[in-house]
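**Student:** Provided below for reference: sequence and predicted model.
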Amino acid sequence: MATSSLLARDSYLPGSPALLVSGSHPQSLCKTLEAQQCMAEAARSGADALARMESKHFDLVLLDSKLPDLDAEEVRRVMKSHRPDLPVLFLDFATGKLLSTEPLSGAVQQVLQVIQRASHEDLPQPAPAREVEPPARPPDPVAEPLPGMVGSSTCMAELYRLARMVARRDATVLLEGESGTGKELVARAIHELSSRGKLPMVTVNCAAIPESLLESELFGYVRGAFTGAVQSKLGRIHAAQGGTLFLDEVGDLPLSMQAKLLRFLQEGEVQRLGSPDVFRVDVRVIAATNADLRERIKRAEFRRDLFYRLSVFPIRIPTLQERPDDIVALAYHFLAQLCRRAKLPQKALHPPVHALLLQHSWPGNVRELQHAVERAFILADEDPLLRAEHFTLQ
């Protein structure tokens with residue numbers, strides 16, 4: 001597995017820039033840098049590097065062009081979004097060649113010279129403000145709708161693109177969006193498009209399970225672990241073995257469970273209540289929230305370290321108001337479903353209904369539209385058209 005090396009600001013001598021190296025075999029390079037008064041520590045992957053950036057400051061990132069878990073260019077984009085001034089350079093650890101450059105300080109250039117001597121390669125020196133092509137990467141997937149989803153607006157095309165991109169990886173995904181925007185549909189599509197698609201996707205609604213039962217539901221228990229535990233039971237994490245664990249409304253997790261979830265994400269191990277045995281579990285985690293987790297972090301209601309473990313690859317789901325071009329198409333989609341279920345000929349929307357739907361603000365998003373169409377379908381009875389009087393919009 002590829003690893004990374006990071007140098008924290010509080011652990012190096014003055015004049016030595018902070019360094020992160022992500023690649024297959026950076027250990028020897030770390031030793032060389034330590035000899036030059038640059039202390040380094042290891043990160044396992046691009047996701048691990050992103051998580052570590054929250055707690056430590058770096059002056060330079062040397063990023064392997066071929067990461068085991070994430071697309072290197074996407075990792076660079078996320079890093080830059082948090083630290084626009086941070087130099088993030090691509091390095092091919094197989095050859096020791098620097099693949100991209102950007103304006104660097106003299107101290108950073110000195111570190112690159114140390115790397116050049118260590119690799120015995122004639123590495124190109126960073127040119128000030130020179131545009132260099134990023135490392136070669138496969139073309140982005142076509143932004144076609146995800147399974148079960150409807151919409152062709154620009155914001156949805158970007159959602160489809162990101163979802164299909166991350167589906168190829170095992171990275172943890174955080175879906176952020178208002179209630180009713182379709183977060184579970186996106187999670188299921190990512191699961192189905194991934195290599196785990198034929199294995200289970202287990203959903204946990206963190207807001208619907210009482211706090212007293214949440215730990216036993218997630219991690220399981222053995223017989224006699226507590227009053228009423230008459231037989232052993234596997235938790236939902238274990239039930240998702242090989243597949244995907246979908247944590248819906250993860251922002252509602254109590255703090256005590258956040259610590260336990262963080263440990264699972266870090267170690268990949270599950271310990272059932274009442275048992276000393278620890279099991280390794282291979283699951284891909286997708287989390288969703290309609291809460292602003294950054295605000296909850298400020299109010300000490302959500303752990304910052306857990307947030308960065310979950311948001312390795314964040315995807316924002318747009319509101320229905322942000323995608324007005326999709327409203328009528330969605331209404332027809334729901335109407336077609338209703339007609340099929342009722343075994344009736346296909347009905348249509350009366351033209352004035354189009355304007356009515358476009359004028360509404362849809363605070364309940366796609367779910368509100370679905371329910372509005374269903375009410376109108378029932379009220380229309382045998383009328384082949386759903387008319388304005390059949391809709392009750394609040």
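**Tutor:** Nice, thanks for sending it over.

**Student:** contacting residues for residue 76?
**Tutor:** The neighbourhood of residue 76, defined by C-beta atoms under 8 Å, 6 or more residues apart in numbering, consists of 61, 63, 88, 90, 134. Glycine gets a C-beta too; all of them are placed from N, C-alpha and C.

**Student:** buried subset of the residues you listed, written for ChimeraX?
**Tutor:** Per 16 or more other C-beta atoms under 10 Å, the buried members of the contacts of residue 76 correspond to this ChimeraX selection:
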select :61,63,88,90
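
**Student:** relative to residue 304, how far out is the residue nearest to residue 225 when sequence neighbours are not counted?
**Tutor:** Distances taken as C-beta to C-beta, 6 or more residues apart in numbering place residue 274 nearest to residue 225, at 2.8 Å, with adjacent residues excluded. According to C-beta to C-beta, to the nearest Å, residue 274 stands 31 Å off from residue 304.

**Student:** next one: residue 298
**Tutor:** As for residue 298, its distance to residue 304 is 10 Å (criterion: C-beta to C-beta).

**Student:** these two: which has the busier surroundings?
**Tutor:** Higher neighbour count among residue 298 and residue 304: residue 304, with 15 against 11, using other C-beta atoms under 10 Å.

**Student:** who's in contact with residue 204?
**Tutor:** So residue 204 contacts 217-218, 236, 245-248 (C-beta under 8 Å, 6+ apart).

**Student:** ok, now with 10 Å
**Tutor:** 214, 217-218, 235-237, 239-240, 245-250, 253, 287 (C-beta atoms under 10 Å, 6 or more residues apart in numbering).

**Student:** which one of those residues is nearest residue 57?
**Tutor:** The nearest member of the contacts of residue 204 to residue 57, counting by C-beta to C-beta, is residue 287 at 26.6 Å.

**Student:** OK, contacts around that closest one?
**Tutor:** Per C-beta under 10 Å, 6+ apart, neighbours of residue 287: 172-176, 183, 187, 204, 206, 245-251, 253, 261, 265, 293, 306-307, 309-311, 314.

**Student:** what does residue 225 give?
**Tutor:** Residues near residue 225 by C-beta under 10 Å, 6+ apart: 216, 232-233, 272-275.

**Student:** what helices or strands is the helix or strand containing residue 213 leaning on?
**Tutor:** If you go by DSSP states H and E, residue 213 is part of helix 211-219. For helix 211-219, the packing partners by 3 or more C-beta pairs under 10 Å, 6 or more residues apart in numbering; DSSP states H and E come out as strand 201-205, strand 233-234, helix 236-239, helix 255-267.

**Student:** let's see that with 8 Å instead.
**Tutor:** Counting contacts by 3 or more C-beta pairs under 8 Å, 6 or more residues apart in numbering; DSSP states H and E, helix 211-219 packs against helix 236-239, helix 255-267.

**Student:** and for that helix, what's in contact with it?
**Tutor:** Outside helix 211-219, the residues that reach it (C-beta under 8 Å, 6+ apart) are 204, 206, 209, 225-226, 229, 233, 235-238, 253-254, 256-257, 260-261, 264, 270-273.

**Student:** list the buried ones in whichever helix or strand residue 163 is part of?
**Tutor:** Following DSSP H and E, one finds residue 163 within helix 154-167. Residues 156, 159-160, 162-167 are the ones in helix 154-167 that count as buried (16+ other C-beta under 10 Å).

**Student:** so what's the residue count around residue 227?
**Tutor:** Per other C-beta under 10 Å, the neighbour tally for residue 227 reads 6.

**Student:** can you tell me the SS state at it?
**Tutor:** Under DSSP: H, G, I helix; E, B strand; the rest coil, residue 227 falls in the coil class.
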